[in-house]
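Student: Dropping a prediction and its sequence here:
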Amino acid sequence: MGPRKLIGVPLFGGRGWVGWGCGGGGLCEMPHRPVKVSRVLQPGPRQTTIGEVLEFHEMPHHPKEVAKAIQPVQTDVKLPLTPTPSVSRSGGRKDVNSCRCASRPCRGGEGNLARNSTALASLMAEPMRVRLEFEDHRRLLTKSQRKDGLRCCWILLGPQLPTVADLAAHLVRSFALDRSCPRGIRLYERHPSRICLLPIKKHYLPVNSRTNKRNKGEGSCDFQQNTTNIHAILSEETNLKKKEHMNKTRLLKAYEHAGKEEEIEAAAVEAPVVGNLHQVGKNPHLTLRALAERHGPLMFLQLGSIPTVVISSAHVAREVFRAHDLAFAGRPTLYAAERLSYGLWDVGFAPHGEHWRQARKVFMVELLSAKRVRSFRGVREREVASLVASIRRLAPSSSSSPIDLSRMVVSVTNAVTCRAAFGGGCETAGSGRACWGGFCAGDFFPWLRWIHALDGLRARVERLFGELDDIYSQVIEEHLRGGCTSDHGDLVQVLLRLREDPTQRNTFGSMDHIKGLLTDIFIAGTDTSAATIIWTLTELLRNPSVMARAQKEVRDAVGKKGAVEETDLHDLPFLKLVINESLRLHPPAPLLVPRETTEACAVGGYEIPARTRVFVNAKAIGTDPASWSNPQEFQPERFSSGGDVRWGECFEVVPFGVGRRSCPGINFGLAVVELVLANLLYCFDWEARLGRGVGRGGGDWIGSA
Ligand code: HEM
């Protein structure tokens, strides 16, 4: 039989998904206070960090106090620095062994300067910034410095300060600390941290003559060096305030000064009431990525009435989810999600707590564990075979009329998930998905939810809810009647069994609890896998050489068997790289599923209050030039060196999310994706239809078998 032509229309026309209930916005006034975090960064257009942190501490007298002082920075705190020369008033050095400075008795008394024998020079091939925090400044700073409100500042390190001891000496001179700490100060090294900061130019300030004169008078500050001092900070503050006043921009604050909020970064204009919501546009993940390129990978936004944080780089994600996974494990209550999950009785949108824990455990054990996923092999192979058969049927060799491949792929992922979870197939209300994705006014103005009665959203959500409820009722009824066709016991059977268990009453006690969980199957498990398949095919069409290599691999491995079976997938390492690369470039949920902080925590020097909404921009992280070379290029080989990607733990590519709320369905989803793609590549040849772009703007596909 000659090659048969078939045409499919990419599902998303080249545009990524908006994600579940995601939204965006512009920058707004930052509602957070800086906290005690100090760090060293390399400057540069993208603010890469070197993970080195220095903290400027006063040194208490008593050993117990020392322990207390270092406790908050525990883990790998290395008490710094070996005995060192101290700094005399004039800046000269003499050796001492122990630091006693900066606490009360050291004022005019004992003190020393700790010295790090490790040269900073290697870290300072380029200038770096250090954030200094003046703790207990009553004892450390002079009266006038306190009055001026010095608490923290930035300092620029350069080759003129090759060691930590030199830095400490420099600080003593710059801030006239030799009066209060005649024997110097000690600097503490803190555990590595990755914190995003704004470009260095914002902090690199010329010293004005007034400042210069005043400090020269004190005979202690070296203004010829690239350092920022308190007076420079003050002048920056004044300049920025003027700037803010003039252009009416909202500014992010970078440091605290005398208890007032300071600003360092001009951002988008915020409108009354809506904040910056109107600036988000149709593709929030792209808008937010563009904003992050300008304003840094940790942004604070006001989206309607919701304070929001957006994380857009791997190093910020790492800091957030390594140190504060629990605090970021909440989910906001979104309008459509609340209704469709029967009042948040699901896993995906449930607030973090006991119900979520129990329900997720059942999901994992009964449906999504590696063993269970393997047991559904037959289901997958049957459904994929039927997909291939229907493509062949719909696209006879002579025909060039388009077929809706996207719909067929959604249908196959849906069928696999339903058979595994319910023991039978069922058609979902695909049209209703529009209510779930995207964002709606009620999610950003909770007091405005009534408006969805007028704009039609409530009706759409209710219609979808009704359709899903009918399916669930039918499935549950069948199971109660004992008419379930599943050979291995499905999720619904397990949930019904748990319903009878008095100890599980709170989690699975009512039908609504069970139906809420089933919603996750439709919402989380179907479209995501389908999107991955469609995007991968789209990228293969855009990159014919990659397509050729992937096809050769699969055809060589499978030979003349006629179809790819799951056992063949082990021999397709390149296909796996292709899928990884596709997930990097096109995460199906580009802003993941929104999170909400459950408690206040500090990230990157800022305090993030409880109940702040959090978006992790997976699209921005996956295309961040700081993590990826040629990030927009489709290069599957880039994944070949690091072994298998540990999804959920790798911060450079996060299509399945990160931390404790990351996707539990990775094995399940990827098993379908791999099998479908392998078969589509094995059974058909694909090429872009002439004259039509592929992906962007919606190109057609032509395949031949
Ligand atoms: C390629 C396929 C898939 C992708 C790309 C994907 C992606 C995601 C993402 C981004 C999240 C949010 C993670 C976060 O907030 O950090 C998520 C959560 C979730 N996914 Fe998936 N998913 C896929 C397949 C599946 C499948 C097949 C199932 C189940 C049948 C599933 C069930 C869930 C559930 C229940 C959650 C909520 C987890 C929680 O909040 O604790 N996913 N998924």
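Tutor: Yep, it's here. Residues are numbered from 1 along each chain as shown.
Student: Does the ligand have contacts with the helix or strand harbouring Leu288?
Tutor: Element membership of Leu288, judged by DSSP states H and E, is helix 284-295. No: with Cβ under 6 Å from any ligand atom as the measure, helix 284-295 is seen stopping short of the ligand, the closest distance being 11.9 Å. C-beta: built from backbone N, CA, C; applies to glycine.
Student: Quick one: list the elements packing against that helix.
Tutor: If contacts are counted by 3 or more Cβ pairs under 8 Å, 6 or more residues apart in numbering; DSSP states H and E, helix 284-295 sits against strand 298-303, strand 306-311, helix 618-622.
Student: what would the ones you listed look like in a markdown table with mean neighbour count?
Tutor: Shown next, in a markdown table, are the helices and strands packed on helix 284-295 (neighbours: other Cβ atoms under 10 Å):
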| stretch | mean neighbour count |
| --- | --- |
| strand 298-303 | 26 |
| strand 306-311 | 26 |
| helix 618-622 | 27 |
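Student: still on that earlier bit, tell me which residues of the helix holding Leu288 are tucked away?
Tutor: Pro284, His285, Leu286, Thr287, Leu288, Arg289, Leu291, Ala292, His295 (16 or more other Cβ atoms under 10 Å).
Student: For the ligand, what is the nearest residue in the stretch 401-550 of the chain?
Tutor: Proximity of the stretch 401-550 of the chain to the ligand (Cβ to the nearest ligand atom) peaks at Gly525, 2.8 Å away.
Student: Quick check: the gap between the closest residue to Leu448 other than its chain neighbours and Ala453.
Tutor: Nearest non-adjacent residue to Leu448, counting by Cβ to Cβ, 6 or more residues apart in numbering: Ala441, 5.2 Å away. Distance, Ala441 to Ala453, using Cβ to Cβ, to the nearest Å: 12 Å.
Student: For the two, indicate the residue with more neighbours.
Tutor: Ala441 (18 against 10; other Cβ atoms under 10 Å).
Student: What residues does the more buried one make contact with?
Tutor: Gly304, Leu448, Arg449, Ile451, His452, Asp455 (Cβ atoms under 8 Å, 6 or more residues apart in numbering).
Student: contacting residues around the helix or strand Lys515 falls within?
Tutor: Element membership of Lys515 [criterion: DSSP H and E] is helix 511-525. With contact meaning Cβ under 8 Å, 6+ apart, helix 511-525 is reached by 20, 340-348, 359, 362-363, 413-414, 417-418, 421-422, 428, 436, 468-469, 472, 475-476, 491-492, 495-496, 499, 507-508, 663, 665, 668-669.
Student: and what of stretch 560-571?
Tutor: So stretch 560-571 is contacted by 377, 380-381, 384-385, 388, 553-554, 557-558, 575, 671, 674-675, 678-679, 682-683 (Cβ under 8 Å, 6+ apart).
Student: The ligand contacts on this protein?
Tutor: So the chain meets the ligand at 347-348, 360, 363, 368, 417, 520-521, 524-525, 528-529, 532, 588-589, 592-593, 655-658, 661-665, 668-669, 673 (Cβ under 6 Å from any ligand atom).
Student: Generate a ChimeraX selection restricted to the buried entries among the residues you listed.
Tutor: The ChimeraX selection below is limited to those of these classed as buried (16+ other Cβ under 10 Å):
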select :347,348,360,363,368,417,520,521,524,525,528,529,532,588,589,592,593,655,656,657,658,661,662,663,664,665,668,669,673
